[in-house]
Each structure stands twice: as C-alpha cells, then as structure tokens.
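>>> A predicted structure for the sequence below; I have some questions about it.
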Amino acid sequence: MKLIKFILKASFICLLLGFFSTVCLANGKWIKVNSKNFQLIGNAEEKDIQQVSVQLEQFREVFRRLLTNYNFISPVPTNVVVFKDKLTFSEYKPVNTEGKRTEWAAGYFQSSEDANYIVLTLEGKKSGHLPDDISRIHTFSGQ
C-alpha cells in the first residue's frame, strides 16, 4: 500500500513539473506586430519582428508587380509566427511521413479555410532577416 501511495505521489509531482516547465517556456515575452497584409506574433525582439514584417511586405509587393494578372487580395488573414530560436521553434516544425520532426526546416507555410500561417525561426540568420530562400528571391527581384 505504501508503494502505491509513493508511486502516485511521484507521478503527480512529475506531472506538475512537466506542466509548469511547459507553462514557463510558453510564458516568454510575445510581441504582436501588424502590417498592411500580415499579422505577426513572436518571441523575438520587437525590432526583429518589425523587420520581418517589412521584408514580407516587400516580398509580397515584388510578386504583385511580377504577376499582374493575379489577385493578391486574400479573403483570410495571413498570420506569421516568428520564433527567436530553434529551441522554441522545434515543437512547431513540420512532421514528415514517418511522424518525425523535420530538423532542417527553418520555416513553412500552411493555409486553411479561415487563415494562412507562416511559421519561421530567426536563429542562424542575421538579426531580423527572413530565411535565405526568401531573401534570395527578394534580392533577385531588385527590391
């Protein structure tokens, strides 16, 4: 009987520790930035999130100018989640067909009926800059 009580108490303590460690990670400082076409939220520095906002607006404008026959007015909002580092981004990385997190992903796009989502991390990039692939297209376009 004492062993069962001990196991129950130990399990309860482990559960509480796991819950509070998750809450502490999630409770970091999150900042919201709105631009003309994007709603950004992130745990990165505000200046970095604002820089991502500017770059996304420039990126969108390049495609609007290049693809003149395409309607760029979205019926749903585009939400951008900007993670400051790989650690906070790791739980949100896409999952491959084997059910494992994709280690190489620095960001991704997901659309749904009620919203579009861009999720990215800034770690490994210059402060406030988008992942390299987006930056290359941005540079190529002359913007």
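Sure, I can see it.
>>> show me where this protein dips below the pLDDT cut-off.
For the chain, the stretches with pLDDT under 70 are 1-27, 124-143.
>>> and the helices in it?
Using DSSP state H, the helices of the chain run over 2-26, 46-66, 86-90, 132-140.
>>> now for the shortest one, which elements pack on it?
Contacts of helix 86-90 with other secondary structure elements, assessed using 3 or more Cβ pairs under 8 Å, 6 or more residues apart in numbering; DSSP states H and E, are made with strand 116-121. For the C-beta atoms, the positions are set from N, CA and C on the backbone; glycine is no exception.
>>> pairing partners for the strand it packs on, with directions?
strand 78-83 (parallel), strand 107-111 (antiparallel) (DSSP bridges).
>>> quick one: that strand to helix 46-66, angle?
Orientation check (axes from the mean of the first three to the mean of the last three Cα atoms, to 10 degrees): strand 116-121 against helix 46-66 gives 130 degrees.
>>> could you dump strand 116-121 to CSV, C-alpha only?
Output in CSV follows, covering the C-alpha atoms of strand 116-121 (Å, rounded to 0.1, in the frame of the first residue of the first chain):
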residue,chain,number,x,y,z
ASN,A,116,-2.9,31.4,-43.7
TYR,A,117,0.1,30.8,-41.5
ILE,A,118,3.8,31.4,-42.0
VAL,A,119,5.9,30.0,-39.2
LEU,A,120,9.7,30.7,-39.1
THR,A,121,12.7,31.0,-36.8
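>>> how about residues contacting that strand?
Strand 116-121 has contacts (Cβ atoms under 8 Å, 6 or more residues apart in numbering) with 38, 52, 56, 74, 76-86, 88-89, 92, 106-111, 130-131.
>>> that older thread, mind putting the strands paired with strand 116-121 into a markdown table with mean neighbour count and distance to E123?
Compiled in a markdown table, these are given as follows (neighbours: other Cβ atoms under 10 Å; distance: least, Cβ to Cβ, whole Å):
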| stretch | mean neighbour count | distance to E123 |
| --- | --- | --- |
| strand 78-83 | 20 | 8 |
| strand 107-111 | 14 | 11 |
